[in-house]
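Novice: Dropping a prediction and its sequence here:
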Amino acid sequence: MLPFSFFDAALPYAEFLGTFGGPADRDRWDQRRAAVVLSAEQDQLLEKFTRVTNVLVLAGAWCGDCAAQCPILERFSDVAPVLRVRYLDRDAHPEAQAELKINGGARVPVAVFFSEDGHEVARFGERTLAHYRKLVQSLVPGLPGAPDPAAQQAAVAADWLHEIERVQWVLRLSPRLRSLHSD
């Protein structure tokens with residue numbers, strides 16, 4: 001289990017990119033962030049979130065998958081400030097990298113969701129179902145997929161939101177947290 005202390009070592013978006021990314025990395029991430037469009041329904045859902053959720057993302061500023069997905073998390077946190085997203089550089093934290101391997105490999109981005117008081121709730125990454133469907137379509141004809149880049153980005157955002165929503169409802173229904181918040 002990854003200790004919550006890693007969250008304290010992680011950095012907010014701009015500081016992470018300023019520390020670990022070059023100008024080209026920052027531009028790529030910022031362009032992707034500006035391109036993220038959330039639907040009215042997604043905004044309304046995010047606005048209903050009430051539980052503080054600490055989201056630790058193991059990432060690399062250089063990583064194309066991170067540049068494509070991490071800005072989505074930032075847009076979510078713009079709408080739902082209870083989502084506290086922080087980034088941990090994969091190469092600067094080999095102990096976190098070792099703990100968060102996927103299929104035996106050092107993959108990014110990987111998100112670890114923690115409750116407000118530091119209990120691990122879930123892990124998610126490194127690519128979403130929509131992204132894998134796109135990659136495997138040439139091997140498995142007939143899979144559903146997005147026909148254009150904007151629809152693909154929207155599908156990836158929806159995959160991330162589904163996991164974040166699941167985590168939010170786990171936290172919202174937690175007897176321990178309901179008792180703490182008297183709700």
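Specialist: Yes, it's here. In this text, all values refer to a predicted model and were calculated from it rather than measured experimentally.

Novice: Where does pLDDT dip in this structure?
Specialist: 146-147 (pLDDT under 70).

Novice: Distance from the chain centre to the biggest helix by length in the chain, please.
Specialist: What stands out as the longest helix in the chain, according to DSSP state H, is helix 149-173. In terms of Cα atoms, centre = their mean, to the nearest Å, the centre of helix 149-173 is set 9 Å apart from its chain centre.

Novice: Kindly export the following helix or strand past that helix (C-alpha atoms) in CSV.
Specialist: Using DSSP states H and E, the helix or strand that follows helix 149-173 in sequence is helix 175-181. Provided in CSV are the C-alpha atoms of helix 175-181 (Å, rounded to 0.1, in the frame of the first residue of the first chain):
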residue,chain,number,x,y,z
PRO,A,175,-19.8,5.1,7.5
ARG,A,176,-16.6,6.5,9.1
LEU,A,177,-16.8,9.7,7.1
ARG,A,178,-20.5,10.1,7.5
SER,A,179,-20.0,9.9,11.2
LEU,A,180,-17.2,12.4,11.0
HIS,A,181,-19.3,14.9,9.0
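
Novice: Please identify the buried residues of helix 175-181?
Specialist: Neighbour-count burial for helix 175-181, counted by 16 or more other Cβ atoms under 10 Å, picks out L177. Quick note: C-beta positions are derived from backbone N, CA and C, even for glycine.

Novice: ok so, going back, show me what the longest helix of the chain is packed against.
Specialist: Contact here means 3 or more Cβ pairs under 8 Å, 6 or more residues apart in numbering; DSSP states H and E; on that basis helix 149-173 packs against helix 40-47, strand 53-59, helix 64-79, strand 110-114, strand 120-125, helix 129-136.

Novice: So which residues make contact with the shortest one?
Specialist: Translated: strand 110-114. With Cβ atoms under 8 Å, 6 or more residues apart in numbering as the test, strand 110-114 has contacts from 2, 4, 6-7, 53-58, 73, 100, 102, 120-126, 163-164, 167.

Novice: how close does the spatially closest residue to D25 that is not a sequence neighbour get to T53?
Specialist: With sequence-adjacent residues excluded and distances taken as Cβ to Cβ, 6 or more residues apart in numbering, D25 is closest to A61, at 4.3 Å. Using Cβ to Cβ, to the nearest Å, A61 is found at 23 Å from T53.
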